[in-house]
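Novice: Sequence plus the predicted model coming up.
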There are 2 protein chains.
Amino acid sequence: MALPDTRTKILDAAERLFAEHGYSGTSVRAITDLAGVNLAAVGYHFGSKAELLAAVARRVTEPITAAQSAGLDELLARTPDPSVAELVEAFAGPFFDEMPAGNESGARTSRLIVTILSDPAEEARSWTGPDEDTVRERYLATFARALPGLAPQELLFRMRGILAVTAVDRVEVYHRPSPACSTVTAGEEARRWAITFLTAAMSAPPTQAWR
Amino acid sequence: MALPDTRTKILDAAERLFAEHGYSGTSVRAITDLAGVNLAAVGYHFGSKAELLAAVARRVTEPITAAQSAGLDELLARTPDPSVAELVEAFAGPFFDEMPAGNESGARTSRLIVTILSDPAEEARSWTGPDEDTVRERYLATFARALPGLAPQELLFRMRGILAVTAVDRVEVYHRPSPACSTVTAGEEARRWAITFLTAAMSAPPTQAWR
DNA sequence: ACATGAGTCAGACGTTCGTTTCAATCGAAC
DNA sequence: GTTCGATTGAAACGAACGTCTGACTCATGT
């Protein structure tokens, strides 16, 4: 078993700390301390704190984007016109697959995605590649075929809703636990709830007629 | 027309900067510079940066929470068993009312709510009062009556979904003024779309049977 | 006229920030 | 054994951070 190299140790520590405290709230020193490496190693391997964040973000989102793309490929190979439920599953599923039930690192990964997506820091918004846009456009087009009569703007609104629910659900928007729900929701259960919730939402009749 | 006093000027500037750059990303000096007041005024009027955030957060959320509470009162006075659509409207509506179409300060308010709700900084989580919890519990109970057969955990999941959609949609509105969506950033249209989306989602059949 | 107290001011406190420097170290190629 | 590029080490850089101090302003009450 080979020890992780300095670069990987930095990425792991940064992933954890960015997820817990955000970009501005995490110092380079805290990262190198947790990683057990020298302070200058961040500058050497990544150039700057902002580029480190970009590397962390890419490492986390790449498998998700790839799974979304592969899922759509499979779906379209099976049937030319997938159902809304199938599309929701293929789009939202990979977010949950990164977080198996009881897997602490998976929970941290989800938390990281949310933190980065919602981080207002300028550095947290300029790391995306063209893949994310491509996948989103492909799903948009397929959803449009499955939901005729829905105006493009409203479809876009609903797709943002998918992202919102899958992502923000991972954060405890209510930071206080409700007395009604003391038990933590397991990953698999949340996945099924989200699919149910989002499939119904996506299938809603158009708010206003279009065409 | 009376000029705003120092305390209000600080609150206004802090609201804007916290919304744009988050808690950790905003310095006290940036706030006082924008407000045109002395640096020490923050310490004098609020004690610390964390307490300033709490004051900003309370000023923004209080009218929303009050409107949610009043809306539920009206609804229950009209009918003992409101529909899911009515409940969604009463719960999610006030978030949109804070952002009239074309109102820049309203957009900033929405952005601030999201930023504070999702800010991982410790200081961003200790400002809520008991009102938010009370209102949430009341809606939870009424939703539970309108949706028999839905497990409490799944109901809580769905209520988080409401917040996720209303909140994160505002982020996108504020940050991505893409030309395709510039016309739809109007508050009233997004409001109707959200109600449609969320009513369908809340009305979905339970994922698993309960009781 | 004078004392009072809330409010404002410039300035400095010690700390932490991201980044940089440069010497020391290592492994492999020659 | 020597050389050399790649990596790590300790230390320091200037800037910015949140907070605090003590003097100053000024309307108000006496």
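Specialist: Great, that's in hand.
Novice: Give the buried residues for the longest helix seen in chain A.
Specialist: If you go by DSSP state H, chain A has its longest helix at helix A:49-78. Across helix A:49-78, burial judged by 16 or more other C-beta atoms under 10 Å in any protein chain shown covers A:49-50, A:52-57, A:59-61, A:64-65, A:67-69, A:71-72, A:75. All C-beta atoms are positioned from the backbone trio N, CA, C, and that covers glycine.
Novice: For residue A:80, pull up the helix or strand it's in.
Specialist: Applying DSSP states H and E as the criterion places residue A:80 outside every helix and strand.
Novice: follow-up on the earlier one: quick one: is the longest helix of chain A near DNA strand C?
Specialist: Yes - contact of helix A:49-78 with DNA strand C (C-beta under 7 Å from any atom of the strand) involves A:49, A:50.
Novice: Show me what secondary structure element comes after that helix.
Specialist: Later in the chain than helix A:49-78, the nearest helix or strand by DSSP H and E is helix A:84-97.
Novice: ok and that following helix relative to helix A:49-78, angle-wise?
Specialist: Relative orientation of helix A:84-97 with respect to helix A:49-78: 140 degrees, computed using axes from the mean of the first three to the mean of the last three C-alpha atoms, to 10 degrees.
Novice: Could you list every helix and strand in contact with helix A:84-97?
Specialist: When contacts are defined as 3 or more C-beta pairs under 8 Å, 6 or more residues apart in numbering or on different chains; DSSP states H and E, helix A:84-97 sits against helix A:49-78, helix A:130-146, helix A:152-168, helix A:187-202.
Novice: Output it as PDB - backbone C-alpha positions only.
Specialist: Extracted in PDB, the C-alpha atoms of helix A:84-97 (Å, rounded to 0.1, in the frame of the first residue of the first chain):
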ATOM      1  CA  VAL A  84     -39.500  11.800 -17.200                       C
ATOM      2  CA  ALA A  85     -38.800   9.400 -14.400                       C
ATOM      3  CA  GLU A  86     -36.000   7.800 -16.200                       C
ATOM      4  CA  LEU A  87     -34.400  11.100 -17.100                       C
ATOM      5  CA  VAL A  88     -34.600  12.400 -13.500                       C
ATOM      6  CA  GLU A  89     -33.000   9.200 -12.300                       C
ATOM      7  CA  ALA A  90     -30.200   9.400 -14.800                       C
ATOM      8  CA  PHE A  91     -29.600  13.100 -14.100                       C
ATOM      9  CA  ALA A  92     -29.900  13.200 -10.300                       C
ATOM     10  CA  GLY A  93     -28.800   9.700  -9.500                       C
ATOM     11  CA  PRO A  94     -25.000  10.200  -9.800                       C
ATOM     12  CA  PHE A  95     -25.100  12.900  -7.200                       C
ATOM     13  CA  PHE A  96     -26.400  10.300  -4.700                       C
ATOM     14  CA  ASP A  97     -24.100   7.600  -5.900                       C
END
